[in-house]
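Enquirer: I'd like to go over a predicted model; first the sequence, then the structure.
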Amino acid sequence: MALSTTLSQMSIALPTGIDGSSRSMIKVQSMSFTEKSWSPLLKLDSKPRSLTVKTRSTICMSLQQASRTKVAVTPLELEDPKETPLNLYRPKEPYTATIVSVERIVGPQAPGETCHIVIDHDGNVPYWEGQSYGVIPPGENPKKPGAPHNVRLYSIASTRYGDSFDGKTASLCVRRAIYYDPETGKEDPSKAGVCSNFLCNAKPGDKVKITGPSGKVMLLPEDDPKATHIMIATGTGVAPYRGYLRRMFMENVPNFKFDGLAWLFLGVANSDSLLYDEEFAGYLKDYPENFKYDKALSREEKNKKGGKMYVQDKIEEYSDEIFKLLDNGAHIYFCGLKGMMPGIQDTLKRVAEERGESWEQKLTQLRKNKQWHVEVY
Ligand code: FAD
């Protein structure tokens, strides 16, 4: 299905200088885009008009990127605080936000479903790239009758300006947790994940209780705009990196002019499971010297031993380069399912030993230098 739409008015900053540093503003009256042939979970046309425009503008921005323009963001006061925003809302007094859109972002052959969810916090729950929101799903906690459900954490997949570039929304990348009976192999809806299903089933206008923002481990260090950032993700672990990359390559942020190297390794089951692939492919085209993107498709590709291609196999393939970058101060990030870490650590250890280095010492040093960032769940 090819979608096309018209945006009423959007501000875009166009580079005027050779380095793109000096920019002028133009107003774009209309713009069209096409989407993948698979249908979104919610039909965009069924959404209230104001909400629809926000979602569509997000997708349009990958076209902006194709012409190396950067998007103007507001309010720039979001750059000001010296302290990271933390726990502005706690489980006892959560903030009630509104769902803007829910969109299935994987193709039909993907095992499972992942949704991109935009939440309107009206600027009241500011956050920085790499932080998480807590979500309290509606209903009663089965383990504590009368009490609300426990908070579930979700990495924020947008920059502090949100997908609408106005600082009023946050986006989440949520995989629907489904339970299959191990004996019959059949789905058992009574054991489906509470919060992920609430979020993936939500409709524009629905209310959602959020807490946070939380987390400091995955904050993007911005002191050196020429730094190297090696980002390793499985599945929805790509969420924080989408935020980093939009800040690096999509947004015109006056105090962060990224000119280093961002290298994304993304592991998913197959090509239909790739997340934000078009957005990332746009950066690759426009910033080939600043962005590298390697995918590991476990059910489609084979590693050099003939087994499934996992993200650690890609790391091994580029281990020499990765180790050199780490020796030169690169940051390395890991985000996604807990199960990803043992395989990755084993690979890194093996590579270190082949190079005649002690992995334990290297890891200690990386941690000490604050180069090592892990958030797995
Ligand atoms: P729950 O209701 O908590 O159930 C958990 C699991 O148990 C489900 O798989 C469910 O099917 C199964 N289950 C339920 N009942 C039974 C039963 N009786 N017997 C056996 N199994 C059962 N997730 C994302 O999708 N995206 C993110 O970006 C993300 N970021 C995170 C960041 C952090 C820092 C952390 C800690 C977690 C993150 N998560 C993320 C995971 C998320 O917080 C939730 O854990 C996840 O969505 C599942 O929550 P749920 O309420 O849907 O499932």
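Expert: That came in fine, so what should we check first? Residues are numbered from 1 along each chain as shown.
Enquirer: which other residues reach stretch 242-254?
Expert: Contact with stretch 242-254 is made by 13, 23, 61, 64-65, 70-73, 76, 79, 129-130, 156-159, 161, 165, 171, 173, 220, 229, 231, 256, 258, 262, 264, 275-276, 279-280, 283, 286-287, 290-291, as judged by Cβ atoms under 8 Å, 6 or more residues apart in numbering. In short, each C-beta sits where N, CA and C put it, glycine included.
Enquirer: buried among the residues you listed? Make that a PyMOL selection.
Expert: The following PyMOL line selects those of the contacts of stretch 242-254 that are buried, judged by 16 or more other Cβ atoms under 10 Å:
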select buried, resi 13+23+61+64+65+70+71+72+73+129+130+156+157+158+159+161+165+171+173+220+229+231+258+262+264+275+276+279+280+283+286+287+290+291
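Enquirer: can you narrow the contacts of stretch 242-254 to ones near the ligand?
Expert: Among the contacts of stretch 242-254, the ones lying near the ligand by Cβ under 6 Å from any ligand atom are residue 173.
Enquirer: which bits of the stretch 201-350 of the chain sit near the ligand?
Expert: So far as Cβ under 6 Å from any ligand atom goes, the stretch 201-350 of the chain lies against the ligand at 236, 239.
Enquirer: in the stretch 201-350 of the chain, which spans are strands?
Expert: Remark: strands assigned in the stretch 201-350 of the chain by DSSP state E, counting those that start in this stretch are 207-214, 228-234, 251-252, 261-268, 291-297, 331-336.
Enquirer: now tabulate those in CSV and tack on distance to residue 179.
Expert: Formatted as CSV, the strands of the stretch 201-350 of the chain follow (distance: least, Cβ to Cβ, whole Å):
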stretch, distance to residue 179
strand 207-214, 23
strand 228-234, 20
strand 251-252, 39
strand 261-268, 21
strand 291-297, 25
strand 331-336, 20
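Enquirer: put together CSV for the ones you listed, with mean pLDDT on each row.
Expert: Formatted as CSV, those follow (pLDDT from 0 to 100):
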stretch, mean pLDDT
strand 207-214, 98
strand 228-234, 98
strand 251-252, 98
strand 261-268, 98
strand 291-297, 98
strand 331-336, 98
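Enquirer: next one: residue 250 from the ligand, what distance?
Expert: Using Cβ to the nearest ligand atom, to the nearest Å, we find residue 250 at a distance of 20 Å from the ligand.
Enquirer: any chance you could map the helices in the protein?
Expert: 49-66, 194-201, 239-245, 277-286, 311-317, 319-327, 340-354, 359-368 (DSSP state H).
Enquirer: any idea which of those is most buried?
Expert: Mean neighbour counts were compared across those using mean count of other Cβ atoms under 10 Å; the top stretch is helix 239-245, at a mean of 27.
Enquirer: can you report how many residues lie near residue 219?
Expert: By the criterion of other Cβ atoms under 10 Å, residue 219 has 15 neighbours.
Enquirer: once you drop chain neighbours, what's closest to it?
Expert: Spatially, and ignoring its direct neighbours in sequence, residue 219 is nearest to residue 130 (4.6 Å; Cβ to Cβ, 6 or more residues apart in numbering).
Enquirer: residue 145 versus that neighbour, what's the distance?
Expert: 36 Å (Cβ to Cβ, to the nearest Å).
Enquirer: quick one, what contacts the residue in the stretch 51-200 of the chain that the ligand sits nearest to?
Expert: Nearest residue of the stretch 51-200 of the chain to the ligand: residue 193, at 2.3 Å (Cβ to the nearest ligand atom). Residues in contact with residue 193, defined by Cβ under 8 Å, 6+ apart, are 176, 177, 178, 179.
Enquirer: just the buried subset of the residues you listed, please.
Expert: Buried members of the contacts of residue 193, scored by 16+ other Cβ under 10 Å, are 176, 177, 178.
Enquirer: angle of the strand ranked longest in the chain against helix 194-201?
Expert: Assignment by DSSP state E gives strand 95-104 as the longest strand of the chain. Angle, strand 95-104 to helix 194-201, by axes from the mean of the first three to the mean of the last three Cα atoms, to 10 degrees: 60 degrees.
Enquirer: for strand 95-104, packing partners?
Expert: Packing partners of strand 95-104 (3 or more Cβ pairs under 8 Å, 6 or more residues apart in numbering; DSSP states H and E): helix 49-66, strand 114-120, helix 194-201, strand 207-214.
Enquirer: what residues does the stretch 51-200 of the chain have near the ligand?
Expert: Contact residues, the stretch 51-200 of the chain versus the ligand (Cβ under 6 Å from any ligand atom): 132, 152-155, 173-175, 177, 179, 191-197.
Enquirer: keep only those of these that are in strands.
Expert: Under the assignment DSSP E, those contribute 132, 152, 153, 154, 155, 173, 174, 175 to strands.
Enquirer: list the residues that contact the fifth one.
Expert: It stands for residue 155. 130, 131, 132, 172, 173, 218, 236, 237, 239, 240, 335, 375.
Enquirer: likewise the third one?
Expert: Residues in contact with residue 153 (Cβ under 8 Å, 6+ apart) are 132, 133, 134, 135, 212, 214, 215, 377.
Enquirer: let's go with 6 Å and repeat that
Expert: Residue 153 is in contact with 132, 134, counting by Cβ atoms under 6 Å, 6 or more residues apart in numbering.
Enquirer: any idea how far it lies from residue 69?
Expert: Remark: distance between residue 153 and residue 69 (Cβ to Cβ) = 34 Å.
Enquirer: ok, now the last one?
Expert: Shown here: residue 175 relative to residue 69, a distance of 32 Å by Cβ to Cβ.
Enquirer: many thanks, have a good one.
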